[in-house]
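Q: Build the 3D model from these lines:
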Amino acid sequence: MAKQILFIFSLFLTTSLLAQKPQKVGYIDMQYILENVPEYANAQQQLNQKASRWQQNLDAKQKEINTLKEELANEKALLTKDLIEDRTEDIDIKEQEFRRLKKAYFGAEGDLFLQRKQLVKPVQDRIYSAVQEIAKRKKFDIIFDKSSDLIMLYTNSKYDISELVIKSITKTKKLETIQDKRAKKKKEIIELSDAAKEKQKERASKSVALKERIAAQKAAKAKKRAEMKKLIEEKRKAKIKAREEALKKRNQENEK
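A: This next block holds a predicted model:
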């Protein structure tokens with residue numbers, strides 16, 4: 001009722017404005033647009049799947065409660081007063097839990113409401129953005145929603161911009177997909193470049209390590225050669241000294 005009053009007030013205001021200057025008025029069919037936006041269909045499918053699982057859980061709990069009630073009714077004549085009270089209390093607790101869970105799933109601020117807000121709101125925001133962009137570009141003064149509770153007694157299809165909104169959303173989605181692909185490709189190029197740099201760095205590191213290893217091997221061989229040369233020289237000198245001492249000894253013996 002409040003929305004109808006608001007619509008009537010809007011018509012009155014529009015009529016008043018028309019007396020001052022021409023107004024360009026258009027409308028959309030929100031339900032039609034949503035049905036033709038793939039993201040909305042996907043979001044609705046996810047919501048339906050979750051709602052179905054939640055309902056199955058509630059049905060199982062309700063079946064359990066009904067079974068307990070039937071068993072109590074059938075066995076009541078055989079039970080003591082205390083047992084009847086205990087089992088009745090158990091049933092009451094399960095019914096309270098059932099009501100709490102139902103509210104948590106499907107209440108005004110329940111999981112379904114929050115999930116719908118999370119999944120559907122981005123789609124609605126996209127539609128509103130498209131409507132605003134078209135309204136500014138086409139110079140519309142007022143855009144109504146045909147599928148709302150507002151009563152539109154007559155509509156001329158030439159003022160229906162629903163198809164323009166769908167095309168705008170589709171175009172925006174395509175641009176976003178292209179941008180995403182470009183961003184992904186750019187990221188891949190950067191990653192490949194980084195990988196190439198890392199490989200180059202690794203090759204340089206291996207080259208340095210190889211050069212160091214070769215230099216160490218050369219130094220070890222040079223040291224070994226030097227030690228061998230020194231040993232040979234020491235042996236040569238020892239032989240010369242031994243010969244000289246032997247010669248000196250013979251000379252001394254000959255002099256005697």
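
Q: gap between residue 74 and residue 160?
A: Distance of residue 74 to residue 160, given as Cβ to Cβ, to the nearest Å: 63 Å. (Each C-beta comes from the backbone N, C-alpha and C, glycine too.)

Q: Neighbour count: those two, which is higher?
A: Neighbour count, other Cβ atoms under 10 Å: between residue 74 and residue 160, residue 160 has more, with 16 against 9.

Q: So the residue nearest to the more buried one when sequence neighbours are not counted: helix, strand or coil?
A: Here the nearest residue to residue 160 in space, its sequence neighbours aside, is residue 27; by Cβ to Cβ, 6 or more residues apart in numbering that works out to 6.0 Å. Secondary structure, DSSP: H, G, I helix; E, B strand; the rest coil: residue 27 is strand.

Q: One more: residue 144?
A: Three-state assignment for residue 144 (three-state DSSP): strand.

Q: these two touch, right, it and residue 30?
A: No. Using Cβ atoms under 8 Å, residue 144 is not in contact with residue 30; the gap is 10.1 Å.

Q: Give me the local confidence score for residue 106.
A: With respect to pLDDT, residue 106 scores 93.

Q: Okay, and the nearest residue to it once chain neighbours are set aside sits in which element?
A: Among residues not flanking residue 106 along the chain, residue 112 sits closest, at 5.4 Å (Cβ to Cβ, 6+ apart). Taking DSSP states H and E as the criterion, residue 112 maps to helix 111-138.

Q: tell me how far that helix is from the chain's mean position?
A: Helix 111-138 has its C-alpha centroid displaced from the chain centroid by 20 Å (Cα atoms, centre = their mean, to the nearest Å).

Q: do the same with stretch 226-239
A: In terms of Cα atoms, centre = their mean, the centre of stretch 226-239 is set 77 Å apart from its chain centre.

Q: So what touches it?
A: Outside stretch 226-239, not one residue touches it by Cβ atoms under 8 Å, 6 or more residues apart in numbering.

Q: Mean confidence (pLDDT) on that stretch, please.
A: For stretch 226-239, the per-residue pLDDT averages 87.

Q: Send me it as CSV with only the CA atoms.
A: The C-alpha trace of stretch 226-239 is given here as CSV (Å, rounded to 0.1, in the frame of the first residue of the first chain):
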residue,chain,number,x,y,z
ALA,A,226,105.0,-27.9,-6.7
GLU,A,227,105.2,-30.4,-3.9
MET,A,228,106.4,-33.1,-6.3
LYS,A,229,108.9,-30.7,-7.8
LYS,A,230,110.2,-29.8,-4.3
LEU,A,231,110.4,-33.5,-3.4
ILE,A,232,112.4,-34.3,-6.6
GLU,A,233,114.7,-31.3,-6.0
GLU,A,234,115.3,-32.4,-2.4
LYS,A,235,116.1,-36.0,-3.6
ARG,A,236,118.5,-34.6,-6.2
LYS,A,237,120.3,-32.5,-3.7
ALA,A,238,120.5,-35.4,-1.3
LYS,A,239,122.1,-37.6,-4.0
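
Q: Check what pLDDT residue 3 gets.
A: 50.

Q: about what we covered before: quick one: buried residues of the helix holding residue 112?
A: 112, 116, 119, 120, 123, 126, 127, 130, 131, 134, 135 (16 or more other Cβ atoms under 10 Å).

Q: Quick one: residues in contact with stretch 103-120.
A: Outside of stretch 103-120, the residues within contact range by Cβ under 8 Å, 6+ apart are 40, 43, 44, 46, 47, 50, 51, 54, 55, 57, 58.

Q: Just the C-alphas of that stretch, formatted as CSV.
A: The C-alpha trace of stretch 103-120 is given here as CSV (Å, rounded to 0.1, in the frame of the first residue of the first chain):
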residue,chain,number,x,y,z
LYS,A,103,14.5,-19.6,11.9
ALA,A,104,18.2,-19.8,11.4
TYR,A,105,17.7,-21.3,7.9
PHE,A,106,14.7,-19.4,6.6
GLY,A,107,14.1,-16.5,9.1
ALA,A,108,14.1,-12.8,8.2
GLU,A,109,17.8,-12.6,9.0
GLY,A,110,18.5,-16.3,8.4
ASP,A,111,21.1,-18.1,6.3
LEU,A,112,18.9,-18.0,3.1
PHE,A,113,18.5,-14.3,3.4
LEU,A,114,22.2,-13.7,3.9
GLN,A,115,23.2,-16.1,1.1
ARG,A,116,20.7,-14.5,-1.3
LYS,A,117,22.1,-11.1,-0.3
GLN,A,118,25.6,-12.3,-0.9
LEU,A,119,25.0,-14.0,-4.2
VAL,A,120,22.2,-11.9,-5.8
